[in-house]
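Visitor: The sequence and its predicted three-dimensional model are supplied below.
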Amino acid sequence: MAGVAVLAGGVGAARLVRGLVDVVPPDEVTAIVNTGDDMVLHGLVISPDIDTVTYTVADAIDPERGWGLRDESWQAMEALSRYGGVTWFRLGDRDLATHLYRTQRLADGVGLAAVTAEIARAWGLGLHIVPVTEQPLRTMITVAGDETGAAVLAAGVAAGEEISFQDYFVRLQHAVPVAGVRFAGADAARPAPGVLAAIAGADTVVVAPSNPIVSIGPVMAVPGMRDAVVARRDDVVAVSPLVGGRALKGPADRLLRELGHADSVVGIAELYAPFVGTLVIDRADVELADGVRAAGLRCVVTDTIMRDPAAAAALCHVVLGR
């Protein structure tokens, strides 16, 4: 066995993968990326998590937003706004080229895994970035009522309504309560070419510090993925996405609470126990280390906040035991 396979989704995962290529030869790193966030907008196939990993490893990501390209311009969105088009999902001018290319290549009959590899090569990247599946997979969110059980009318959605992940996360700024999460298309999906081999052949399988519900959840929902990871459980190391009970970015802590899980590293451990052997937690959560162990996982305590690539690389050394 050789190399590292990473289950990835979101900004935290992208930063961890960026650190890994400073610790491990890039061609020994395979990032298996969530596609549950993917969408079609303006006729374009958009893969946000794949692009965030690509741009971050290429050192081209916008550091303030955590998505899209740095030094971007927005003339296409400004022109679209003039026509009254959909602009709540912002696409920068240079970022549009990625989606145009992906859409054209898919229309040519090329699979998403091959197209993703082409885009990574165009950025000069040596690692393998692979979608978890090439079949349609969509994370769907069921909106809950507020504390009175009333419809969430102020946000333009009703209690019990099912909306897409991007509607929830971007358009509504994840400001509505959640009653349930569903991974549409998961039953008919299958792992993309190379995914299962990367998991089986890796020295270490890493679960990135991603939202366990809407980033790791859809990855594990693809048939064959859970069995493949469970088979490697003793070599699977997860990094907690929570620090001091809070998500550094996004709604992971709130989603855990809303869906009945503990919003702590112990809650993460309980969710991951079936397929993760070791959980890496931040020093802020050291008092919960015994709770992690009680859930059946080994526990490693270190600094997990990736403020820059050097901090990400230091975390990766700990994750890999190097």
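Guide: Happy to help now that I have it.
Visitor: So which other helices or strands are in contact with the strand or helix carrying residue 20?
Guide: Assessed by DSSP states H and E, residue 20 sits inside helix 10-23. The helices and strands touching helix 10-23, judged by 3 or more C-beta pairs under 8 Å, 6 or more residues apart in numbering; DSSP states H and E, are strand 4-8, strand 29-33, helix 48-57, helix 309-320. C-beta coordinates here come from the backbone N, C-alpha and C atoms, glycine included.
Visitor: Let me know the secondary structure of residue 279.
Guide: Put simply, residue 279 is strand when judged by DSSP: H, G, I helix; E, B strand; the rest coil.
Visitor: Please report phi then psi for the nearest residue to it once chain neighbours are set aside.
Guide: Nearest residue to residue 279, sequence neighbours excluded (C-beta to C-beta, 6 or more residues apart in numbering): residue 297, at 4.7 Å. Dihedral pair for residue 297: phi -110, psi 150, per degrees, to the nearest 10.
Visitor: any chance of the helices and strands packed on helix 10-23 in CSV, with mean pLDDT, distance to residue 42 and mean neighbour count too?
Guide: Output for the helices and strands packed on helix 10-23, formatted as CSV (pLDDT from 0 to 100; distance: least, C-beta to C-beta, whole Å; neighbours: other C-beta atoms under 10 Å):
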stretch, mean pLDDT, distance to residue 42, mean neighbour count
strand 4-8, 98, 26, 28
strand 29-33, 98, 22, 29
helix 48-57, 98, 14, 26
helix 309-320, 96, 33, 18
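Visitor: where does the stretch 1-150 of the chain have low pLDDT?
Guide: 1-2, 146-150 (pLDDT under 70).
Visitor: and with 50 instead?
Guide: Where the stretch 1-150 of the chain drops to pLDDT under 50, the residues are 1.
Visitor: Ok, the stretch 201-322 of the chain next?
Guide: For the stretch 201-322 of the chain, no range has pLDDT under 50.
Visitor: How many neighbouring residues does residue 34 have?
Guide: 33 (other C-beta atoms under 10 Å).
Visitor: can you pull the contacts of it?
Guide: Listed by C-beta atoms under 8 Å, 6 or more residues apart in numbering, the contact partners of residue 34 are 8-10, 49, 132, 210, 215-216, 218-219.
Visitor: any idea where the helices of the stretch 101-250 of the chain begin and end?
Guide: Using DSSP state H, counting those that start in this stretch, the helices found in the stretch 101-250 of the chain span residues 112-122, 165-166, 195-201, 216-221, 225-230.
Visitor: deepest of these, which one?
Guide: Among the helices of the stretch 101-250 of the chain, helix 216-221 has the highest mean neighbour count (mean count of other C-beta atoms under 10 Å), at a mean of 25.
Visitor: Send me that one as PDB with only the CA atoms.
Guide: The C-alpha trace of helix 216-221 is given here as PDB (Å, rounded to 0.1, in the frame of the first residue of the first chain):
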ATOM      1  CA  ILE A 216     -19.000  13.300   4.500                       C
ATOM      2  CA  GLY A 217     -22.600  12.100   4.600                       C
ATOM      3  CA  PRO A 218     -23.100  12.100   0.800                       C
ATOM      4  CA  VAL A 219     -19.700  10.500   0.200                       C
ATOM      5  CA  MET A 220     -20.500   7.600   2.500                       C
ATOM      6  CA  ALA A 221     -24.000   7.300   1.000                       C
END
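Visitor: Strands along this structure, start to end?
Guide: 4-8, 29-33, 39-41, 44-46, 128-131, 138-143, 162-164, 178-184, 204-207, 236-239, 242-243, 246-247, 278-282, 298-302 (DSSP state E).
Visitor: quick one, which of those is nearest to residue 309?
Guide: strand 29-33 (14.3 Å; C-beta to C-beta).
Visitor: how far off helix 10-23 does the closest one point, in degrees?
Guide: On the basis of axes from the mean of the first three to the mean of the last three C-alpha atoms, to 10 degrees, strand 29-33 is oriented at 170 degrees to helix 10-23.
Visitor: Within the sheet, what are the partner strands of strand 29-33, with directions?
Guide: strand 4-8 (parallel), strand 128-131 (parallel) (DSSP bridges).
Visitor: Tell me which of the ones you listed sits nearest to residue 71.
Guide: Per C-beta to C-beta, nearest to residue 71 of the strands paired with strand 29-33: strand 128-131, 22.5 Å.
Visitor: for the contacts of residue 34, which one is nearest residue 266?
Guide: Nearest member of the contacts of residue 34 to residue 266, counting by C-beta to C-beta, is residue 216, at 16.8 Å.
Visitor: How much space separates that closest one from residue 252?
Guide: 10 Å (C-beta to C-beta, to the nearest Å).
Visitor: next one: residue 41
Guide: 24 Å.
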